[in-house]
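Colleague: here is my input, please return the structure:
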Amino acid sequence: MVSDTKIAIIGAGISGLLACKHLIEKGFRPVVFESRSCVGGVWAHQTVESTKLQTPKTYYQFSDFAWPPYVKTNFPDHNQVWQYIYAYSLHFDLIPTIKFNHKVESIDYSLPLDDEKICGWDEWGGNGGPFSVDGKWKMVVQHTLYPFEAPKVFEVDFVILCNGNYCDFPNVPQFPIGKGPEVFDGVAIHSMDYATMTTSNAVEFIKGKRVTVVGFQKSAIDIAVEVAKTNGVQHPCTMVFKTVHWTVPEHLNELNFRNLKRFSELMIHKPHEGFFLWFLAILLYPMVTSSSLVISSNSYHELS
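Modeller: Take a look at the predicted model:
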């Protein structure tokens, strides 16, 4: 049975594809708006050539769609990851639901009620359910290949945001006036800008230059590796960072990831847990905050 409820999904990355697939199974006919020309999110556009999956593939797969047998390595490269995601969208016939090159410019909730009544709602939507019986979501969508055309307005009952943590907005630190990239005698770019270059353009961009990479997270290490391979010892790459993080080889990473994942489960409260697990989660909870700080640190790259 197909539901007449209109649902829009923003983003055709992993989360958007999963949401779309499960909605179809529930009898809905969702529409996915993707600002670019293919599925995959950051795996399609924001990875450098040397990027690999940093968790074992058995921990990074769809529960209903296994990795193909020809992918032998435990840490596939970014091309293999994207091909896997694309194969998932083909297998479950999700492509027809996606409007590629459609960027959502704004979302507004249109409700034929006054503000006083809305403020009196005790539950979201006024009824406790996901769909309001009174209002609609109005989405202004622009076709990215035809930017001079007037944007279209779509009216739906529910919107699912799957545009990711990064969403094409680089996290660049704020510098005091007169002490930022504008006074740097060279070129300063973000890792996101570097990742959008083709392989040949990236090589030409860094070839024969002194490069300083600021940061020590995954993107910083990947770019530093590429710089070192391109320039060798003649123009060594310099990394500048505040906090030292241990890096481990691939053959140890799978074991470490499995153990850390099991350990992290002890930090989260669970339904119907006993007193000991409840107390242990309270004691270990500060580690959740410290881990988040490490994960969310960003990289900023200066190329001279």
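Colleague: pull out the buried residues from stretch 144-159.
Modeller: Judged by neighbour count (16 or more other CB atoms under 10 Å), stretch 144-159 contains these buried residues: 151, 154, 156-159. C-beta here means a position set from N, CA and C on the backbone, and glycine is covered the same way.
Colleague: and residue 65, what does it touch?
Modeller: When the contact criterion is CB atoms under 8 Å, 6 or more residues apart in numbering, the partners of residue 65 are 87-88, 91-92.
Colleague: leaving out the residues flanking it, which one is nearest to residue 60?
Modeller: residue 53 (5.8 Å; CB to CB, 6 or more residues apart in numbering).
Colleague: hey, where'd the strands end up in the stretch 101-250 of the chain?
Modeller: In chain order, the stretch 101-250 of the chain shows strands spanning 102-110, 136-143, 152-156, 158-161, 187-190, 211-214, 238-240, with DSSP state E, counting those that start in this stretch as the criterion.
Colleague: out of those strands, the one nearest residue 62 is which?
Modeller: Set against residue 62 and scored by CB to CB, these come closest in strand 158-161, at 17.7 Å.
Colleague: so for stretch 6-13, mean pLDDT?
Modeller: Averaged across stretch 6-13, the pLDDT comes to 94.
Colleague: how far off centre is that stretch?
Modeller: Here stretch 6-13 shows a centroid-to-chain-centroid distance of 15 Å under the convention CA atoms, centre = their mean, to the nearest Å.
Colleague: the stretch 201-304 of the chain: helices as residue ranges?
Modeller: 218-231, 250-264, 275-296 (DSSP state H, counting those that start in this stretch).
Colleague: then stretch 29-40 to CSV, C-alphas only?
Modeller: Provided in CSV are the C-alpha atoms of stretch 29-40 (Å, rounded to 0.1, in the frame of the first residue of the first chain):
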residue,chain,number,x,y,z
ARG,A,29,7.2,7.6,-2.1
PRO,A,30,10.0,10.0,-0.9
VAL,A,31,11.8,12.5,-3.1
VAL,A,32,15.5,13.0,-2.5
PHE,A,33,17.1,16.4,-3.3
GLU,A,34,20.8,16.2,-4.0
SER,A,35,22.8,19.3,-4.9
ARG,A,36,25.4,17.4,-6.9
SER,A,37,25.2,15.0,-9.8
CYS,A,38,25.8,11.6,-8.0
VAL,A,39,25.2,9.8,-4.7
GLY,A,40,27.8,9.2,-2.0
